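Q: I need the structure of the sequence given here:
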Amino acid sequence: MNELIKRIGVALIGIPLLVGLTYLGGWYFFGLIVVIGLVSQWEFYQIQRIKGYHPQNFSGLFFGFLILLDIQTQSWILAANILVIAIIVISVAELFRKHKDVSANIGLTLLGIFYIPTLLGALLFTRVFVNSVFPEIPEAGFRFILLHFFTIWTCDTFAYGFGTFLGRHPLYKKVSPNKSVEGFIAGIMGSLLIYSIAKQSGFLPINWTAAILFGLIVGVLGQVGDLVESWYKRDAGVKDSSTLLPGHGGMLDRFDSIIFTSPLMLMLAWILLQ
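A: Below you'll find the predicted structure:
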């Protein structure tokens, strides 16, 4: 019961804050993405330290922030150059450290940059891009991202609920023994349901092809993203990425699916909505 109360309390504070900052957009939304991205990146590095590796926390977070800043200001050439500079600086910096597993330390530092802030940063451009596609729709970019968030939450709820009561066949036992094929299918159905409602209600002027493809991307790859993060944790022998959010685990635990699906949603929006 205490865990449930904690989960509800965090949700009652976190969800309105998330929605509010997303609605305000601009630098407010940027601040939200920076917090989610860099805290999740730090948690990823801590998971690797439990494994005995030593990624470069400061360098990784610094370059992760610069990538997000470049995306926010749409400085694409600068972003590409920052990634190249990051590889050089992080590689050279390892010369002055005393830890073993040099290649692993460099690789994990760079993976943290690519896996979390670079993927999550797609949301920053998505909001601007969707606004430009639907100039006649008030806050179209906000609606698109809010729909993405809400679909991820629905997918998780359907997968957990149906998996708990109806799950009989393990999905991927060595990674997450409690996840089932039945829950996985229910999560996809939940995602398709939300995008179907969005299409029918006119929340966004999308056709059925877009609604189905968006629903499938979130339903399938959102759950795959959760499995990927679970594999990192299981490999390190930890249950949660951190204890930052009482009853929920860490920031990476809460946003792993959103991180994984964000660039794919942007790509699909680029193809289907223009």
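
Q: from here on, contacts and neighbour counts on C-alpha atoms
A: Will do.

Q: can you give me the strands for this structure?
A: With DSSP state E as the criterion, the chain has strands at 170-172, 176-180.

Q: right, and those - which one's nearest Ser91?
A: strand 176-180 (34.0 Å; C-alpha to C-alpha).

Q: Centre of the chain to the closest one, how far?
A: 20 Å (C-alpha atoms, centre = their mean, to the nearest Å).

Q: about what we covered before: make CSV from the strands of the chain and add mean neighbour count and distance to Trp76 to it.
A: Output for those, formatted as CSV (neighbours: other C-alpha atoms under 10 Å; distance: least, C-alpha to C-alpha, whole Å):
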stretch, mean neighbour count, distance to Trp76
strand 170-172, 16, 38
strand 176-180, 17, 37
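
Q: Mean pLDDT and distance to Leu204 added to these, as JSON lines?
A: JSON lines is the format used below for these (pLDDT from 0 to 100; distance: least, C-alpha to C-alpha, whole Å):
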{"stretch": "strand 170-172", "mean pLDDT": "85", "distance to Leu204": "33"}
{"stretch": "strand 176-180", "mean pLDDT": "86", "distance to Leu204": "32"}
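
Q: would you list these in CSV and tack on distance to Leu252?
A: Output for the strands of the chain, formatted as CSV (distance: least, C-alpha to C-alpha, whole Å):
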stretch, distance to Leu252
strand 170-172, 20
strand 176-180, 16
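
Q: between those, which gets nearest to Lys6?
A: strand 176-180 (21.9 Å).

Q: Parallel or antiparallel, which strands does that closest one pair with?
A: Sheet pairing here is set by DSSP bridges, and for strand 176-180 it gives strand 170-172 (antiparallel).

Q: State the phi and psi torsions of the nearest residue in space to Asp253 that is not next to it in sequence.
A: Leaving aside its chain neighbours, Asp253 sits nearest to Ser241 (6.2 Å; criterion: C-alpha to C-alpha, 6 or more residues apart in numbering). Note on Ser241: its backbone torsions stand at phi -70, psi -30 [degrees, to the nearest 10].

Q: from what I can see Ser241 touches Phe255, true?
A: No - applying C-alpha atoms under 8 Å, one finds Ser241 not in contact with Phe255, separated by 11.1 Å.

Q: Low-confidence bits of this protein, can you list those?
A: 1-4 (pLDDT under 70).

Q: just so I have it, where are all the helices in it?
A: When assigned using DSSP state H, the helices of the chain occupy the ranges 2-24, 26-50, 57-72, 76-93, 102-113, 119-120, 122-133, 140-166, 181-201, 208-216, 222-236, 251-272.

Q: Next, format the ones you listed as CSV and append distance to Lys174 and mean neighbour count.
A: Listed next are the helices of the chain as CSV, based on distance: least, C-alpha to C-alpha, whole Å; neighbours: other C-alpha atoms under 10 Å:
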stretch, distance to Lys174, mean neighbour count
helix 2-24, 26, 14
helix 26-50, 18, 20
helix 57-72, 29, 20
helix 76-93, 33, 15
helix 102-113, 22, 20
helix 119-120, 26, 21
helix 122-133, 31, 20
helix 140-166, 17, 20
helix 181-201, 14, 21
helix 208-216, 24, 18
helix 222-236, 8, 19
helix 251-272, 18, 20
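
Q: Need those helices in JSON lines (columns: distance to Tyr172).
A: Converted to JSON lines, the helices of the chain look like this (distance: least, C-alpha to C-alpha, whole Å):
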{"stretch": "helix 2-24", "distance to Tyr172": "26"}
{"stretch": "helix 26-50", "distance to Tyr172": "21"}
{"stretch": "helix 57-72", "distance to Tyr172": "31"}
{"stretch": "helix 76-93", "distance to Tyr172": "34"}
{"stretch": "helix 102-113", "distance to Tyr172": "24"}
{"stretch": "helix 119-120", "distance to Tyr172": "24"}
{"stretch": "helix 122-133", "distance to Tyr172": "28"}
{"stretch": "helix 140-166", "distance to Tyr172": "13"}
{"stretch": "helix 181-201", "distance to Tyr172": "9"}
{"stretch": "helix 208-216", "distance to Tyr172": "19"}
{"stretch": "helix 222-236", "distance to Tyr172": "8"}
{"stretch": "helix 251-272", "distance to Tyr172": "17"}
